[in-house]
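>>> from the sequence below, what's the structure:
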Amino acid sequence: MTLRQKAGQMIMVYLTSSQFVIENEIGGLLITGNHLREVQDYKRKVDEINSNLKIPVFTATDQEGGAVNRLGSYSDYWRNTPSARDMRNMDTAKIHTIASKIGRALKEIKINMNLAPVLDPSKDYSEKNSFMEETRRSWGRDTTNAYKIRKFVKGMRENGIVCVAKHFPGYDSWTNSDHQIAISATPSDKIQKNIDFFKTLSRDIPVTMMSSVQFLRISNRPAVFDKNIVKMARHYAPNMILLTDDLWGTSLRAWASGKTQIPPRKKYPNKDFKRLITTVIDAGNDILMISYTSKAKDMLDIMMELSEKNSKYKRRIEESAARILKLKYRMGLLKK
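Prediction:
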């Protein structure tokens, strides 16, 4: 593989044109309800992509259950899947059964990665219900329910679906980082308690999504951009793959620009986007997700430019690509 092909493995884009993915040899696709409403067209695109690429793609969607339920767009049958808050009150046998059924449904529509479970705390640092709790997305406030989450993960894994824990080190901001700057004043000891949930499940879930929230007590930048926080996410599992949330989210673009207000989509400065990509790679992330699909080519160009100027970026690409390819091999996506 060339270095550019390895860098392509590090990118996950919102699926638009299959030809774009093939030409740029992208490694992962973000699939939403919009795709699943036109499921035959979506499946045709995935088949076309995989038949033209040497390395099959990750196909990732948010199937948490409850309010975050992409299968509901696919079929009314799945309209009322239980939320994380519902499932944490069930016994393990029922959780495993539900996860297995959902896993089979995801596999049938060519999904192989579930951006779940949510390990974000159900209580914020002031002991009030968190945003994730109010939206029924949280599996709890501490490691008490870890054994139940393992059953959820197992049901998915048995059907070829890899899970993603999110959002490290624990999303407890009341703002949505996709649409506005998101900050948290959580004390460092509370952050460490939230991290324990991720630590406990680090051997069960091979991918972790980094948070776009800025935790003021431990960093002057969003967690996904902070080398020390990213290092903590991988500390207990060296082969852990670290995935960003949407890099086109407002909170991240605002930080990279040093502004509270950012220009419209097509006028976002190239220098700011380069800073964003450079920072997220410097921090140690493996998969860079972006909903603005055409920017993936710019991301590849930036990574190649960086690697030509400094060998440390070449090493970073090599390291991340190796982790990604190992997981694809374990999932059976690569030919043995």
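>>> shaky segments in the stretch 51-200 of the chain?
175-180 (pLDDT under 70).
>>> name the helices or strands packed onto the longest strand along the chain?
The single longest strand within the chain, with elements called by DSSP state E, is strand 162-168. Applying 3 or more Cβ pairs under 8 Å, 6 or more residues apart in numbering; DSSP states H and E, we find strand 162-168 packed against strand 113-114, helix 146-157, helix 188-200, strand 207-210, helix 227-234. All C-beta spots, glycine's among them, are computed from the backbone N, C-alpha and C.
>>> how far does it sit from the chain's center?
Centroid separation between strand 162-168 and its chain, computed with Cα atoms, centre = their mean, to the nearest Å, is 6 Å.
>>> for the helix or strand just after it, packing partners?
Moving toward the C-terminus from strand 162-168, the next helix or strand (DSSP states H and E) is strand 183-184. Identification of packing neighbours for strand 183-184 by 3+ Cβ pairs under 8 Å, 6+ apart yields strand 214-215.
>>> quick revisit: relative orientation of the longest strand of the chain and helix 227-234 in degrees?
Here strand 162-168 runs at 140 degrees with respect to helix 227-234, directions being taken by axes from the mean of the first three to the mean of the last three Cα atoms, to 10 degrees.
>>> report the buried residues of strand 162-168.
Residues of strand 162-168 classed as buried by neighbour count (16 or more other Cβ atoms under 10 Å): 162-168.
>>> give me the contact list for it.
The contact list for strand 162-168 (Cβ atoms under 8 Å, 6 or more residues apart in numbering) reads 60, 112-120, 152-153, 156-157, 195, 198, 201, 205-213, 223, 229, 232-233, 242-243, 245, 327, 331.
>>> just the CA atoms of that strand, as PDB, please.
Taking C-alpha atoms only, strand 162-168 is exported to PDB below (Å, rounded to 0.1, in the frame of the first residue of the first chain):
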ATOM      1  CA  VAL A 162     -18.200  -3.900  15.900                       C
ATOM      2  CA  CYS A 163     -19.200  -1.400  18.500                       C
ATOM      3  CA  VAL A 164     -17.900   2.100  19.300                       C
ATOM      4  CA  ALA A 165     -17.800   3.500  22.800                       C
ATOM      5  CA  LYS A 166     -18.500   7.200  23.000                       C
ATOM      6  CA  HIS A 167     -17.700  10.000  23.800                       C
ATOM      7  CA  PHE A 168     -14.400   9.900  25.700                       C
END
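>>> relative to helix 146-157, how tilted is it?
Using the same axes, to 10 degrees: strand 162-168 against helix 146-157 is 140 degrees.
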